[in-house]
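Output the structure for:
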Amino acid sequence: MPERDILLTGVPRSGTTLACWLLNQLPNVLALVEPGMGVRFFVGMMRGDANGVCRSVRRFFEKTRRDISLLGCAPSLHIRGGIPANVMEEYRWGKLRRRVATHGKIRIEKPLPPEFWLVVKHPGTFTAPLERLARDFPTYAIIRNPLAVLASWNSVSLPVNRGYAPMAELFDSSLRRALARIRDRWERQLYLLGWFFEKYWRVLPERAVLRYEDIIATGGRALRAIVPEAAELNVPLQNRNASSLYDASLMRALGERLLKTDGPYWHFYSRESVERLMVEVEQ
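Predicted coordinates:
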């Protein structure tokens, strides 16, 4: 059912995993977090072969639906067999938070109707060949206040902390070369942040770009843009843009740098929204 095979991407640390967790609360949805896509997919990424990547994604959906039907399992990042709302440690004072989710097969316990929605989430991996993927699959992206994204990047032990996105760079050699030329880590992060936002602004229709803040404010109902049944969600959620996990002085410094740029994130967020967040973290 290609119309119910959904790709979900987004800026890293924008709430894409949370979106999967919320969608999994629905009885007719299975949302997988960054599953391994297979050797052919990896080869397609290495070669920058968007057509090959699309063929691999289609095969992945077909095989995953078969495995769910016949074996009752599917691949995903998971924590003790469950798909989490966050793949990172919640707290790790004084050090970067580490990823606690692992790759593997998970048991699909809930009964799924034959026409269930299958959502697969990959941030950098799906963003790099987005132009081609979005022509073949229903594709959505999640974004977040750019300052909150930078603050989160600087709190986790992931490549984005250093201003890199390995899978995206694997496919997009121009991105890889551009990042390699930038010596300053924060400048590299700003460039990478702009690269993600520019892709979504240029490639996807407005209705396919969802804001983290709207997902939180609506208890998940904003995800009805992806799956109509999400209109039934009403989950108490907390906006973490001003999380105490983030370094307030670093956020102020990053915010000052961000406000001096003309990046494509300003197509989605106002400078005032960043200024308000800078004030909020100081309170």
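
Show me where the chain has its helices.
Listed in chain order, the helices of the chain (DSSP state H) span 16-23, 39-47, 50-71, 123-127, 130-136, 146-153, 166-171, 173-181, 185-203, 212-217, 248-259, 271-282.

ok, residues contacting the first one?
By that I understand helix 16-23. Applying C-beta atoms under 8 Å, 6 or more residues apart in numbering, the external contacts of helix 16-23 come out as 8-10, 29, 31-33, 77, 83-87, 117, 119, 121, 123, 142, 210, 212, 215, 220, 223, 226-227, 230, 233, 235, 237. From N, CA and C alone the C-beta is placed, and that goes for glycine too.

For Asp67, grab the count of nearby residues.
Residues lying near Asp67 (other C-beta atoms under 10 Å) number 15.

where does the chain dip in pLDDT?
For the chain, applying pLDDT under 70 flags the ranges 1-2.

Next, format the helices of the chain as TSV and append distance to Ile108.
Output for the helices of the chain, formatted as TSV (distance: least, C-beta to C-beta, whole Å):
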stretch	distance to Ile108
helix 16-23	14
helix 39-47	22
helix 50-71	5
helix 123-127	22
helix 130-136	25
helix 146-153	30
helix 166-171	26
helix 173-181	35
helix 185-203	30
helix 212-217	24
helix 248-259	40
helix 271-282	39
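
Please list only the buried members of the contacts of helix 16-23.
Neighbour-count burial (16 or more other C-beta atoms under 10 Å) is assigned, among those, to 8-10, 29, 31-33, 77, 83-87, 117, 119, 121, 123, 142, 210, 212, 215, 220, 223, 226-227, 230, 233, 237.

Which of those fall in strands?
If you go by DSSP state E, those have 8-10, 29, 31-33, 77, 117, 119, 121, 142, 210 in strands.

among those residues, which two are most distant?
Greatest spatial distance in those: Leu77 and Leu210, 20.4 Å, computed using C-beta to C-beta.

Which among the helices of the chain is found nearest to Arg4?
Among these, the nearest to Arg4 by C-beta to C-beta is helix 50-71 (9.4 Å).

Go through that closest one and flag the buried ones.
Residues of helix 50-71 classed as buried: 50, 52-54, 56-57, 60-61, 64-65, 68 (neighbour count, 16+ other C-beta under 10 Å).

Check the residues you listed and tell me the two furthest apart.
Ala50 and Ile68 (26.9 Å).

and Arg97, which of the helices of the chain is closest to it?
Closest among the helices of the chain, using C-beta to C-beta: helix 146-153, at 9.2 Å.

Return the distance of the closest one from the chain's centre.
13 Å (C-alpha atoms, centre = their mean, to the nearest Å).

the inter-axis angle of that helix versus helix 271-282?
Orientation check (axes from the mean of the first three to the mean of the last three C-alpha atoms, to 10 degrees): helix 146-153 against helix 271-282 gives 50 degrees.

For the remainder of this discussion, apply numbering that starts at 53.
Shifting the count to begin at 53 puts that one at helix 198-205.

count of neighbours near the closest residue to Leu302 other than its chain neighbours?
In space, and not counting its chain neighbours, Leu302 is closest to Asn206: 6.0 Å by C-beta to C-beta, 6 or more residues apart in numbering. Neighbour count of Asn206, defined by other C-beta under 10 Å: 19.

was I right about Asn206 contacting Leu297?
No: Asn206 lies out of contact with Leu297 (C-beta atoms under 8 Å); the separation is 10.2 Å.

I'd guessed Pro127 sits against Lys115; true?
No: counting by C-beta under 8 Å, Pro127 stays clear of Lys115, with 9.7 Å between them.

Report the beta-bridge partner residues of the nearest residue to Arg117 once chain neighbours are set aside.
Leaving aside its chain neighbours, Arg117 sits nearest to Leu170 (6.4 Å; criterion: C-beta to C-beta, 6+ apart). When bridges are taken as DSSP bridges, the partners of Leu170 come out as Asp57, Leu82.

correct me, but Leu170 touches Glu114?
No: contact criterion C-beta under 8 Å: Leu170 and Glu114 do not qualify, at 10.2 Å.

Tell me the buried residues in stretch 160-172?
Residues 160, 164, 168-172 are the ones in stretch 160-172 that count as buried (16+ other C-beta under 10 Å).

Reformat the residues you listed as TSV; add distance to Arg233.
Shown next, in TSV, are the buried residues of stretch 160-172 (distance: C-beta to C-beta, whole Å):
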residue	distance to Arg233
Ile160	45
Leu164	47
Phe168	45
Trp169	41
Leu170	39
Val171	36
Val172	33
